[in-house]
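Novice: Okay, structure incoming, though there's no sequence with it:
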């Protein structure tokens, strides 16, 4: 069907060896880790570890080299122009908070607007509310259409002369709706607004080219793309980053410090105060190696084919309602089973070793819009195949039978 | 892991699908909302106290089978109990649901505690314990802070810890 063979890939993930029979359908929450990432981190600590950017000694130089190599590999991974545009953070949440805390007060004033969509994760809503409470900006949410896609007409209307930033998800975590971010970038730029894209769910599933999108910021987490927790990336256009004030102060982000005045480094070091997650960056390189080894087009083909299979299977089940996801759905199947609460469903699926997420998926405004308190969500990764969907379907049937007694 | 059917027994599914006392009380003396922010489940407990005795208790809300069944069973067994008995039963039930040591319950409450047994299965599912205890937390909040003066419309809200 595609060039990926999930049965072979699965052998690279020790979690499946140690949990026989596990049907893991919660990659949208966090992906499992291949052996190369787990071992790569351990190996780094064993052979090359020291603090970075400080030591004169060779071991520190080697560690620094590996850390900066991760930056360069990440640049290539998303086709940024320059490695200085890659800032290492804890995850996408911290990336967005960095932008709201630095770009926010520097470029926005009271009355200015930040345009969001109803599809956003809380991490792309709450930082803007905190900024609103601090400096009095206005948040303008753009509605989705009845079919689950973003209402592009409404978006066009929402971006006005006061809009300084548009912040949208690339791929909605709660529904799997893929947004046309390049078109949104054009619309934003025509009106003089910057665009931030939350790429958490897109980055593990499809090739991402930040220059083709032409976004001003792109945020993602390492742990959702088969890398370790604790490392994430904020991409920003270089001139924009250099125009932004620092956020956290500390070591590594300064050129010189006196008690009167401190001169700051340029990006990326300006935004990386303190000892960074060095092993996380090394693990991220291993995750990039892993994904590029499979081929990012091949991963996309696999995700699309399996998403299609899942949509067909779940749609054919009586009493199962798929949550709408617009014209293009990728990697996420959010659904509701009539008469079975999502939490009861998830517990019953768990007894079949089928791991899914149940709840509001950190997207309460979207759940309210869809008039759902919660849904069950199955999300896909490179180790999943049709047998996982079949196991999900069988487990749902069991839950339906149990609740029909 | 225990067999799931031990948790989702007929009695629990029956109360989940056909809950008892699921309605508002006309003239409650106390009420409180319970909310589990993790899953969005909501329950409102209505209580009518006569002195320190539960004359009537009912609930409204939306939730999973476990929280609905827990609310339904709770309202059935708490009617006619004193607040001291209710408090003791909550402590004993909480211990039952978390698999920890709880207080001894006197013989006259044994039958009622036995009726709660089916919910003890949640102890094998840590994420579901709060589903079973939410209505009890709301009951406790209603007693402690949910007293209504005549014409008052506000109520206490409790969130699962």
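Specialist: Great, that's in hand. All values reported here derive from a predicted model rather than from experimental measurement. Residues are numbered from 1 along each chain as shown, chains lettered A, B, ... in the order given.
Novice: Would you mind listing where chain B has pLDDT under the threshold?
Specialist: B:1-3, B:149-157, B:159-161 (pLDDT under 70).
Novice: interface residues of it facing chain A?
Specialist: B:1, B:3-5, B:7-8, B:10, B:13, B:16-17, B:38-41, B:62-66, B:125, B:128, B:131 (CB under 8 Å from any CB of the partner chain). Just so you know, the C-beta spots here come from the backbone N, C-alpha and C atoms, and that holds for glycine as well.
Novice: Pull out the buried members of those.
Specialist: B:4, B:7-8, B:13, B:16, B:38-41, B:63-66, B:125, B:128, B:131 (16 or more other CB atoms under 10 Å in any protein chain shown).
Novice: Which single one of those residues is nearest to residue A:223?
Specialist: residue B:38 (20.7 Å; CB to CB).
Novice: Would you check that that closest one makes contact with residue B:130?
Specialist: Yes - using CB atoms under 8 Å, residue B:38 is in contact with residue B:130, at 7.0 Å.
Novice: Filter the residues of chain B next to chain A down to the ones in helices?
Specialist: B:4-5, B:7, B:10, B:13, B:16-17, B:65-66, B:131 (DSSP state H).
Novice: For chain B, which segments are assigned as strands?
Specialist: B:30-36, B:41-50, B:53-62, B:156-159 (DSSP state E).
Novice: could I get those as JSON lines with distance to residue A:34?
Specialist: JSON lines is the format used below for the strands of chain B (distance: least, CB to CB, whole Å):
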{"stretch": "strand B:30-36", "distance to residue A:34": "35"}
{"stretch": "strand B:41-50", "distance to residue A:34": "37"}
{"stretch": "strand B:53-62", "distance to residue A:34": "41"}
{"stretch": "strand B:156-159", "distance to residue A:34": "39"}
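Novice: what's the closest of these to residue A:256?
Specialist: For these, the distance to residue A:256 is smallest for strand B:156-159, at 49.1 Å, taking CB to CB.
Novice: ok, residue A:254 - contacts?
Specialist: By CB atoms under 8 Å, 6 or more residues apart in numbering or on different chains, the contact set of residue A:254 is A:262-265.
Novice: could you redo the last one with a cut-off of 10 Å?
Specialist: A:246, A:262-265, A:269-270, A:273 (CB atoms under 10 Å, 6 or more residues apart in numbering or on different chains).
Novice: If any of the residues you listed are buried, put those into a PyMOL selection.
Specialist: Only the buried entries of the contacts of residue A:254 go into this PyMOL selection, using 16+ other CB under 10 Å:
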select buried, chain A and resi 246+264+265+269+270+273
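Novice: Residue of the stretch 51-200 of chain A nearest chain B, please.
Specialist: Nearest to chain B, among the residues of the stretch 51-200 of chain A, is residue A:122, at 11.7 Å (CB to the nearest CB).
Novice: go on, the stretch 201-350 of chain A?
Specialist: For the stretch 201-350 of chain A, CB to the nearest CB, closest residue to chain B: residue A:341, 3.6 Å.
Novice: so that residue makes contact with residue B:69?
Specialist: No - the pair residue A:341 / residue B:69 is not scored as a contact, 11.1 Å apart, by CB atoms under 10 Å.
Novice: and for the two, which residues touch both?
Specialist: By CB under 10 Å, 6+ apart, residue A:341 and residue B:69 have these common neighbours: B:16, B:63, B:131.
Novice: so can I have CSV of those showing distance to residue B:47?
Specialist: Shown next, in CSV, are the shared contacts of residue A:341 and residue B:69 (distance: CB to CB, whole Å):
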residue, distance to residue B:47
B:16, 22
B:63, 19
B:131, 21
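Novice: Flag every residue of the stretch 301-405 of chain A that's near chain B.
Specialist: On the criterion CB under 10 Å from any CB of the partner chain, chain B has as its neighbours in the stretch 301-405 of chain A the residues A:339-353, A:358-360, A:364, A:367-368, A:372-374, A:398-399, A:402-405.
Novice: Would you list the buried entries among those residues?
Specialist: For those, buried by 16+ other CB under 10 Å: A:340-352, A:358-360, A:364, A:367, A:372-374, A:399, A:402-403.
Novice: which stretches of the stretch 301-405 of chain A have low pLDDT?
Specialist: Using pLDDT under 70, the flagged stretches of the stretch 301-405 of chain A are A:405.
Novice: all helices of it, in order?
Specialist: A:342-351, A:364-370, A:386-404 (DSSP state H, counting those that start in this stretch).
Novice: What is the nearest of the ones in helices among the residues of chain B next to chain A to chain A?
Specialist: For these, the nearest to chain A is residue B:4 (3.9 Å; CB to the nearest CB).
Novice: ok, the closest one touching residue A:353?
Specialist: No - the pair residue B:4 and residue A:353 does not pass the contact test of CB under 10 Å, sitting 11.5 Å apart.
Novice: Make CSV from the contacts of residue A:254 and add secondary structure and distance to residue A:163 to it.
Specialist: Output for those, formatted as CSV (DSSP: H, G, I helix; E, B strand; the rest coil; distance: CB to CB, whole Å):
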residue, secondary structure, distance to residue A:163
A:246, coil, 25
A:262, strand, 33
A:263, strand, 33
A:264, strand, 29
A:265, coil, 31
A:269, helix, 31
A:270, helix, 26
A:273, coil, 30
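Novice: Looking at pLDDT only, which of the contacts of residue A:254 scores worst?
Specialist: Minimum pLDDT across the contacts of residue A:254 is recorded for residue A:262, with 87.
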